[in-house]
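S.K.: sequence and predicted structure are below.
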Amino acid sequence: MIATLQSTFCVDSSRIYATGKSNGAGFVNLLACTPSIASKIAAFATVSAAFYTGTFNGDCPTQRALPILDFHGTADTVVSYNGGQSHGGTQVSIDNFRQGWASRNDCQNKSTISHLSTETDPQQLVEIQTWNTNCKTGGIVIGYKITAGQHSWPRTTLPAKCNGNVGTNDCTTTVFDATSSFIIPFFNTYTL
């Protein structure tokens, strides 16, 4: 797909990124774990990621350290933050996913913990876990643990499909917009 797009459009090959939600985020991890593809992608971001043990390569081969950004809610009932059984398969916990990438990037074993500003997040419901000490060049893992967050893309406004009605999963909001506030700036930091 990358080759096809590059043959049709003007694509900066040093600024190709991968992001996805749920099973799409699991696919992003598979891209990161496939060296021939990961070598073409500058950074990766996952949201409410589904990592099934049958397709999740916890010991994935890497040829370089990879920048990884992840968002996941603790109240996600579709893909549990703590892993477990779902949709006929076993899911990997989000902590194991993040720690695995920190290890592959040769980062310190323990993350540093921070929070969004109290102006943005008065209840301090978002915990930011960052592995960026002693990593291989270019390696970093940042995880946003969203207390009470559901199976949704973090955003401050409801998508059109919700018709203005707050509900569950993607018809919920949080205190920040992951795309404009974090994913795009994260991607802009990394090039090949």
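M.R.: Thanks, I have the structure now.
S.K.: surely residue 102 is in a strand?
M.R.: No - per DSSP: H, G, I helix; E, B strand; the rest coil, residue 102 lies outside any strand segment and is helix.
S.K.: tally up the residues packed near it, please.
M.R.: Neighbour count for residue 102, taken as other C-beta atoms under 10 Å: 25. Placement of C-beta: from N, CA and C, glycine included.
S.K.: so residue 24: helix, strand or coil?
M.R.: Counting by three-state DSSP, the backbone at residue 24 sits in helix.
S.K.: list the contacts of residue 181.
M.R.: With C-beta atoms under 8 Å, 6 or more residues apart in numbering as the criterion, no residue contacts residue 181.
S.K.: low pLDDT regions in this protein?
M.R.: Within the chain, the stretches with pLDDT under 70 are 56-58.
S.K.: run through the helices of it in chain order.
M.R.: 2-8, 23-32, 35-38, 94-104, 178, 184-189 (DSSP state H).
S.K.: same list, these, but as a markdown table with distance to residue 123 please.
M.R.: Output for these, formatted as a markdown table (distance: least, C-beta to C-beta, whole Å):
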| stretch | distance to residue 123 |
| --- | --- |
| helix 2-8 | 41 |
| helix 23-32 | 26 |
| helix 35-38 | 37 |
| helix 94-104 | 21 |
| helix 178 | 18 |
| helix 184-189 | 24 |
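S.K.: so which of those helices is the most packed in?
M.R.: helix 178 (a mean of 23; mean count of other C-beta atoms under 10 Å).
S.K.: can you count the residues close to residue 90?
M.R.: Other residues close to residue 90 by other C-beta under 10 Å number 13.
S.K.: who touches the closest residue to it other than its chain neighbours in this structure?
M.R.: In space, and not counting its chain neighbours, residue 90 is closest to residue 53: 4.5 Å by C-beta to C-beta, 6 or more residues apart in numbering. When contacts are counted by C-beta under 8 Å, 6+ apart, residue 53 touches 89-92.
S.K.: buried ones from these, can you make that a PyMOL selection?
M.R.: Buried residues among the contacts of residue 53 (16 or more other C-beta atoms under 10 Å), as a PyMOL selection:
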select buried, resi 91+92
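S.K.: list the contacts for residue 104?
M.R.: Contacts for residue 104 (C-beta under 8 Å, 6+ apart) come out as 60, 62, 65-66.
S.K.: and those residues, which two are furthest apart?
M.R.: 60 and 65 (12.9 Å; C-beta to C-beta).
S.K.: for residue 157, which non-adjacent residue is spatially closest?
M.R.: residue 173 (6.5 Å).
S.K.: wait, the one you found sits on residue 155?
M.R.: Yes - at 6.0 Å, residue 173 counts as touching residue 155 under the criterion of C-beta atoms under 8 Å.
S.K.: related to what we said a few turns ago, gap between the residue nearest to residue 157 and residue 125?
M.R.: Distance of residue 173 to residue 125, computed by C-beta to C-beta, to the nearest Å: 12 Å.
S.K.: do residue 138 as well
M.R.: Taking C-beta to C-beta as the measure, residue 138 falls 30 Å from residue 125.
S.K.: thanks a lot, catch you later.
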